[in-house]
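**Q** For reference, the sequence and a predicted model appear below.
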Amino acid sequence: MVMLSVSFLHAFHTPHPPNPNHSDKGPRLDDGRLYRFRYGVELGLNHPKGTAKGSAGFQFSSDVDISLAWRNPENQDDQLLRVQISNFQIQNVAQRSRKNNIFHDTTTESILGREKLEALQRPFMLLWRMGKVRNLYTHKAEPMTVKNLKRGVASMLMMQLNSGKMIEADASGKCLVEYKATKDQVVRTKRMDSCKNQEIGFTTHSQVSLDITKSTSVTVITLQDGFIKSAVAEETHVLSTNAHQTTAAKILSRQSLFLLEVASGPVEAAGKDAVSVVKSLDPKFFSVGVISEKGKSQCKGCPSVSLSWNLSLQEGSFPGPGLVLLMDTWKAIRGQLEPKSLSKSSAPRSFLTLIQQLRKASKAEILKVLRNCSKTALPQLVDAVTSAQTASSLSAMLEFLDFSKADGMMLQERFLYACGFASHPTEICVCSLQDISKGKIGSNDIKESVVIIMGALVQKLCRKGGCDLPVSSLYTLTICFGAEVQMYLLALKNSLLPEAIPLLARYAESETGAFSTIAITALQRYDPLLITSEVRQALNRVYHQNRRVYEKNVRAAAADVILSSSPSYMEVRNLLLSIGHLPHEMNKYMLSKVQDIMRFEMPASKLVQKAMEDMMIHNYDRFSKLGSSSAYSGFMTRGGDVVSTYSLDILYSGSGIMRRSIMNIFGQSNGALLHGLQVAIEAQGLESLIAATPDEGEEDLESFAGMSALLMDVQLRPVTFFKGYSDLMSKMFSMSGDPINVVKGLILLTDHSQVIPLQSGLRAAVEFQGGLGIDISGGMEFSLWYRESKTSVNNRGALVVVGNVTVDADFLSVSLEVSFDMEAALDFITTVQFSNYPFLVCMQMDKTTFPFRESVSKVEKLASGEPFTWQRSREQLVPGSEFPLHQENSNMCKKVFDSSW
């Protein structure tokens, strides 16, 4: 539909109210006249709220002579213009002292070089039809930068004398342009969201962490005798990350064209068509088009983050600086990538630096570094190599790792997790994991991780428009799995394929509790609009046990999905009526869940409130049930950038032993939701330890405790604490209380690269990258002597986000870098004392005080000479806090700590 609309606009002007100044003629030049203009370009990089004096950049100024070279005798609006630039000068965009002025004691020729200056001042030709530049003719061998600057001049001649909309192409690309014309003025406005010019190298397909761009481009043209008297263009691009929008960069590009005089000039040439006239004037003239060219930076030593290598990542063809640079980079930063440093900001910052070098390296260079790395730093190097996401890095990892051997399990799993967190996965990566799954795998845990991560890659391929690829189908996730139902379901949970919903609904009613739990929690991750009435009917059958008896945690999970998936009034009413007829602790859990929905104003809150108007539902008998189970949601941050929420749900068995504990953290921005973290701890079959009676449906459950984590929308392989009575007893007597690692590593959280061609002919290379160092661990302590159990989830992490904008004009370069970093820790501890009944249960969720740092740096540099650099940074401490839970928990914690004391 969008393409159809664009095609229509291309063929016809959008209907517009009649304009009294409407003219069927275009602007025309007089024969034998020379129009001399003063042309200027200003380029500035700065913070969006910064002043002009603080900008890094430069400005060009020159004279521009325009004359008529030929007019089509059959169409007076079809004109060939001769354009020549002269008196070209370069200087700072902002006033600098002599010491900080990189242009001091320089000349235009010394900056550009004689060859480029001659090429720039060489005349060129424009085919100008009805005020639109249709083609540009210049010498083919001219440097790319010179041709682009000439295109910038040509772009200032784009105009029309009547109002309307149409698709146009200039130096910045092809865009929908709107004209508003009056008698002496024309305003040309580009609809930047329609432009097909930006060269996206890759991007993270998540609106929560994705970099955003706000762009405008307006040109105001003043007319005199049907031609340009003045033209002033202003183009802006504001780039930021949603995680912290004040860490932002602004590109400001201004162009001006002012008529100085009209003098006698050359007469027009004779000829039948423009091409023959062009060749007669200069046989070396060649049609080069009006859209700016892409090319590699030639400014040696300039602070450029040119995307020439980014745009060819799939081929891995960038001629990198060699093994010395990669190895030197690794030697310089490897100390920051030791395991003890992962929760410090230096780790993700070094991680991002290493990725830049790895993306330039060959397979042989990468293998050399991998094979000469210490054992302690190797897992972090594997994270970086995999996150580079080039053909060379993937090939190197597949050769370095031997999946047939179990002793390399840790490195194999780090590779798989890094694949799962990939910002822009490829079809080749999915096929590679598919090949691994079909081959010999030495560890069952790795076999499970391979399949689970394949599901995550399928989801990400779909997000970036690859749903039609063969590897993005449900078939891909089924052909390798055989009878391994659990890992198959976990893979489907990661894939979020709509066609998997009926299959998940069927497994939701499985007789096996683990299968039901995975299937139901997978359904909870889907868009509520995809959860049909048939799916909700299956979930209602589970919750109300219409066909068989289910475990409490399965029923609670089903209730959660029903309440979050646009339930009907009758569904909500039946859920509320069930309270009072449920097992003891489940009654309390459902009451707490309903109260949380109303207090936090979740989507189902209005239906719940309506149902509670019925006294048969809302009465003391139903809402006075006692117990330790609970559900609570709250805000972690509530700022203008990202809203972060948390939820803590805990369900106990009737004997008071924890059955299920789930902690969730969500991030929301621009209407998009990111499931940042979920840590679920489950335990079952422990009643025999305290001579208690199991709840209905749980009499024959095997003793088990384990943890499952979901990180950045990716489900990870579950971890088992113990399984079976003998395993439980052996670990109970040997239990040290030390936490078990759930996930540890470095994640490329944000990865965005693009080139923005500007109307002036300059090109801005943009990169935003975010690295996350994370260490999540969990533990469970159980003491029969003190009759106390304690579960803990410890989250340690460091986040670094760096944005870089570079405009490299070949002979000079300016760049702006903005960044922020933070280090934080979040602990969730549940303490249960079962020496008396009812049991005492205390939940705590603590955030430690952590530093938050921001920095801005600017660089201006010529191809030779000392650069001008400027840097500022600031740091603040974010105070720690204990997140509030419900009042009953606070009262219980007081009793627990009083008794402990």
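**A** Sure, I can see it.

**Q** what number of residues lie near the residue nearest to Ala181 when sequence neighbours are not counted?
**A** Closest residue in space to Ala181, ignoring its immediate chain neighbours: Ser163 at 4.9 Å, by CB to CB, 6 or more residues apart in numbering. Yep, even glycine has a C-beta here, placed from its N, CA and C like the rest. Ser163 has 20 neighbouring residues, counting by other CB atoms under 10 Å.

**Q** can I assume Ser163 is in contact with Tyr179?
**A** Yes - applying CB atoms under 8 Å, one finds Ser163 in contact with Tyr179, separated by 5.5 Å.

**Q** pull the helix or strand with minimum mean pLDDT from this protein.
**A** Of all helical and strand segments in the chain, the minimum by mean pLDDT, DSSP states H and E falls on helix 2-11, at a mean of 35.

**Q** and the next element down the chain from that helix?
**A** strand 33-46 (DSSP states H and E).

**Q** Could you list the paired strands of that following strand along with their orientation?
**A** Partner strands for strand 33-46, per DSSP bridges, with pairing direction: strand 56-72 (antiparallel), strand 244-264 (antiparallel).

**Q** and Arg796, which of these is closest to it?
**A** strand 244-264 (20.1 Å; CB to CB).

**Q** Can you list the buried residues in the following helix or strand past that closest one?
**A** Using DSSP H and E, the helix or strand that follows strand 244-264 towards the C-terminus is helix 274-281. Neighbour-count burial for helix 274-281 flags Ala274, Val277, Val278, Leu281 (criterion: 16 or more other CB atoms under 10 Å).

**Q** Show me what helix 274-281 is packed against.
**A** Judged by 3 or more CB pairs under 8 Å, 6 or more residues apart in numbering; DSSP states H and E, the packing partners of helix 274-281 are strand 56-72, strand 75-92, strand 124-129.

**Q** The first one vs strand 75-92, what angle?
**A** Regarding strand 56-72 and strand 75-92, their directions subtend 160 degrees when assessed with axes from the mean of the first three to the mean of the last three CA atoms, to 10 degrees.

**Q** Mean confidence (pLDDT) on the longest helix seen in the chain, please.
**A** What stands out as the longest helix in the chain, according to DSSP state H, is helix 444-463. Helix 444-463 carries an average pLDDT of 91.

**Q** tell me what it is packed against?
**A** The contact analysis (3+ CB pairs under 8 Å, 6+ apart) places helix 444-463 against helix 409-420, helix 427-438, helix 485-495, strand 714-715.

**Q** and with 7 Å instead?
**A** helix 409-420, helix 427-438, helix 485-495 (3 or more CB pairs under 7 Å, 6 or more residues apart in numbering; DSSP states H and E).

**Q** Out of those helices, which gets nearest to Thr849?
**A** helix 409-420 (29.4 Å).

**Q** Would you mind listing the buried residues in the closest one?
**A** Met409, Leu411, Gln412, Glu413, Arg414, Phe415, Leu416, Tyr417, Ala418, Cys419, Gly420.

**Q** which residues touch it?
**A** With CB atoms under 7 Å, 6 or more residues apart in numbering as the test, helix 409-420 has contacts from 378-379, 382-383, 386-387, 397, 401, 403, 425, 429, 433, 443, 445-446, 449-450, 453, 456-457, 714, 716, 743, 745.

**Q** same check, this time on stretch 376-387
**A** With contact meaning CB under 7 Å, 6+ apart, stretch 376-387 is reached by 334, 337-339, 351, 354-355, 358, 366, 369-370, 373, 393, 396-397, 410-411, 414-415, 418-419, 745-746, 748.

**Q** Among those residues, which lie within helices?
**A** Among the contacts of stretch 376-387, the members found in helices (DSSP H) are 351, 354-355, 358, 366, 369-370, 393, 396-397, 410-411, 414-415, 418-419.

**Q** quick one: what helix or strand has Ser873 in it?
**A** Going by DSSP H and E, Ser873 is part of strand 868-878.

**Q** Show me what that strand pairs with in its sheet, parallel or antiparallel.
**A** In the sheet, strand 868-878 lines up with strand 850-862 (antiparallel) (DSSP bridges).
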